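K.L.:
Pasting the sequence and the predicted coordinates here, then a few questions.
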Amino acid sequence: MESGKVNPGNAQPSGIYFRIKEDKGYKSVSPDRQDVADKIDANKDKVLTENEIKNYMRKIDVLKDPSIASVDDKQVYKDYKLYLQNKPLPQAKAYHTYEELTTELKGLEAKYPDKAKLISLGKTGEGNDIWALKISKDVNSDTSSRPGVVYTGAHHAREWISMEEPLYIANHLLNDYATDPKAKNRVDNAEIWVVPLVNPDGYNYTRTDDSMWRKNRRPITDTGCPGNDEGNISEGQTCPINKTGKDTPIGVDLNRNYYDGNPDHFELYRPKGDKPCNTWDDFSATSDDPNDDTYRGPKGASEVEVQALQNLEFGRKNIKGIIDHHSYGKLILYPWGHTSQEVPDAKMYKDLGNGMAKAMSSPYKVMQSSGLYPTSGSSEDVAYANKKISYTIEMASSFQPPESQIDPLDKDVYAANMYFLDWIIDHKDKIG
Ligand code: 0X9
Ligand code: ZN
């Protein structure tokens, strides 16, 4: 029998908690999650049915649209129930902690000093390093004549599997170099950057406090809305911070915060006419309310994590391709994400995307990002505007797949990632 904060088995909790209906008896929602339970149904002393919880999960996009994305709804529901009970996910032990990731990256650098170099792209608000492993033959020399490809993961804290894939890429390229001519060709002829954990602060928090956390962990004390944070708001506007009267809101959605500073690209971050002071939005999945999961931040590139990635991706002219990993949905997404308009080179994106999908054994759907839902400020769109070949891969069918699925998922997506890398190497003179 389980012990801890949650009432076990058939013991009926007192009426102050919501209860989750289980096959045998009831398990109460943790007091920490009472606000979530209130959102599902404000009627206290209520037993939440599976359907009520699932409807809410659909509303907040934790359960994605199964007509578009691959959804393991049993697994996502199971993980969400544990979240409501404030219990750790059993699969957590199978995913690298931030410390384990750091040790493994340092180990690769130590083992392959002429092919791997570990660089901190910057420090987060909580003092964690945003690690990038540069992989290339004679890595300490100038390798900028080789085409560059960046593989990123875990912009979103809860998307654990998306961190494992870039790490898998690093391990395989380096460990297979001596025995696999394909790996050798890639390391010899490209400059590969692996950034497994863009959001270490958020990730750590998902392992200790909240397995469904998405954003970074920066306290938001200024929304960039002049005067409004003190409640001095003009008519027709809302003040996102004061609106709720809650404690200081925390966190920016890092995949809504990209902006390269080029005024021509501003509308990729914020649609025309929209202001930080109001919460109307052209994009359903992007928000100016710092209490929301998809908060875009007070201004473009306000977050150190985004600045770090942009410095790498747009600062090095030889970088030709970027693949940003997320979970979940088994999707290969290409720009644009902020509009349903097609990019001029959509055919190239579809062909290359289909090639990547074909390299895998599991079916991944290739589609334009906005078809999932439109968003602004995404890494993918800003990369495209900077002439990088840019995809988002939504891995797996849940945010944190169980241990038995991790290796097969990594291996499968690795095939797509290597197809992409080989294509970039083959087309290096024709891109950018
Ligand atoms: O919303 C996102 O940032 C991505 N999905 S996730 O569930 N991993 O959060 C999708 C990004 C792709 N871009 C657009 N859909 N516009
Ligand atoms: Zn994501």
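P.N.:
Everything's here; your move. Ligands and ions are numbered 1, 2, ... in the order given.

K.L.:
So what's the residue count around the residue in the stretch 101-250 of the chain positioned nearest to ligand 1?
P.N.:
Distances between the stretch 101-250 of the chain and ligand 1 by Cβ to the nearest ligand atom are smallest at residue 156, namely 5.2 Å. Using the backbone N, CA and C atoms, a C-beta is placed for each residue, glycine as well. When neighbours are counted by other Cβ atoms under 10 Å, residue 156 registers 25.

K.L.:
Equivalent analysis for residue 408, please.
P.N.:
13.

K.L.:
what's the answer for residue 429, then?
P.N.:
The tally of other residues near residue 429 (other Cβ under 10 Å) stands at 7.

K.L.:
what does this protein put close to ligand 1?
P.N.:
Within the chain, the positions adjacent to ligand 1 are 156, 159, 255, 285, 326, 333, 337, 369-370, 372-375, 378, 380, 392, 394 by Cβ under 6 Å from any ligand atom.

K.L.:
Can you flag which of those belong to strands?
P.N.:
Judged by DSSP state E, the residues of the chain next to ligand 1 include 326, 333, 392, 394 as members of strands.

K.L.:
circling back to that earlier point, ok, the residue of the stretch 101-250 of the chain closest to ligand 1 touching residue 251?
P.N.:
No: counting by Cβ atoms under 8 Å, residue 156 does not reach residue 251; the two are 10.8 Å apart.

K.L.:
among the residues of the chain next to ligand 1, which are in reach of ligand 2?
P.N.:
When Cβ under 5 Å from the ion is applied, the members of the residues of the chain next to ligand 1 adjacent to ligand 2 are 156, 159, 326.

K.L.:
who touches the first one in this structure?
P.N.:
Translated: residue 156. By Cβ atoms under 8 Å, 6 or more residues apart in numbering, the residues touching residue 156 are 162, 199, 202, 214, 215, 253, 254, 255, 326.

K.L.:
possible to save those as a markdown table with pLDDT and neighbour count?
P.N.:
Shown next, in a markdown table, are the contacts of residue 156 (pLDDT from 0 to 100; neighbours: other Cβ atoms under 10 Å):
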| residue | pLDDT | neighbour count |
| --- | --- | --- |
| 162 | 99 | 28 |
| 199 | 99 | 33 |
| 202 | 99 | 30 |
| 214 | 98 | 24 |
| 215 | 98 | 30 |
| 253 | 97 | 26 |
| 254 | 98 | 27 |
| 255 | 98 | 28 |
| 326 | 98 | 24 |
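
K.L.:
Out of the residues you listed, which comes closest to ligand 2?
P.N.:
Of all these, ligand 2 sits closest to residue 326, with 3.2 Å by Cβ to the ion.

K.L.:
quick one: the closest one and residue 160, what's the gap?
P.N.:
11 Å (Cβ to Cβ, to the nearest Å).

K.L.:
Show me where the stretch 251-400 of the chain dips below the pLDDT cut-off.
P.N.:
In the predicted model, the stretch 251-400 of the chain carries pLDDT under 70 at residues 278-284.

K.L.:
residues in the stretch 301-432 of the chain within reach of ligand 2, list them.
P.N.:
Applying Cβ under 5 Å from the ion, we find that the stretch 301-432 of the chain lies next to ligand 2 at residue 326.

K.L.:
Looking at the stretch 301-432 of the chain, what residue ends up closest to ligand 1?
P.N.:
Counting by Cβ to the nearest ligand atom, the stretch 301-432 of the chain gets nearest ligand 1 through residue 337, at 2.6 Å.

K.L.:
what's the nearest residue to that residue if we skip its chain neighbours?
P.N.:
Nearest in space to residue 337, with sequence neighbours left out and distances taken as Cβ to Cβ, 6 or more residues apart in numbering, is residue 369 at 3.5 Å.

K.L.:
residues contacting the one you found?
P.N.:
Residue 369 sits next to 333, 334, 335, 336, 337, 375, 378, 380, 381, 392 when contact means Cβ under 8 Å, 6+ apart.

K.L.:
same thing but 7 Å
P.N.:
Residues near residue 369 by Cβ atoms under 7 Å, 6 or more residues apart in numbering: 333, 334, 335, 336, 337, 380, 392.

K.L.:
Compare those and tell me which is most surrounded.
P.N.:
Highest neighbour count within those, by other Cβ under 10 Å: residue 337, with 30 neighbours.

K.L.:
where's that one relative to residue 149, distance?
P.N.:
As for residue 337, its distance to residue 149 is 20 Å (criterion: Cβ to Cβ).

K.L.:
repeat for residue 22
P.N.:
Per Cβ to Cβ, residue 22 is found 47 Å from residue 149.

K.L.:
One more: residue 142?
P.N.:
Distance from residue 142 to residue 149, counting by Cβ to Cβ: 17 Å.

K.L.:
Redo the ones in strands among the residues of the chain next to ligand 1 as CSV? Include distance to residue 121.
P.N.:
Formatted as CSV, these follow (distance: Cβ to Cβ, whole Å):
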residue, distance to residue 121
326, 19
333, 24
392, 20
394, 24
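
K.L.:
from those residues, which two are the most distant?
P.N.:
Across these, no pair lies farther apart than 326 and 333, at 8.8 Å, counting by Cβ to Cβ.

K.L.:
overlap in contacts of the two?
P.N.:
Taking Cβ under 7 Å, 6+ apart as the contact rule, residue 326 and residue 333 both touch 392, 394.

K.L.:
Now the stretch 151-300 of the chain against ligand 1: closest residue?
P.N.:
Ligand 1 sits closest to residue 255 of the stretch 151-300 of the chain, with a gap of 3.8 Å, by Cβ to the nearest ligand atom.

K.L.:
That residue is in contact with residue 379, isn't it?
P.N.:
Yes: judged on Cβ atoms under 7 Å, residue 255 makes contact with residue 379 at a distance of 5.8 Å.
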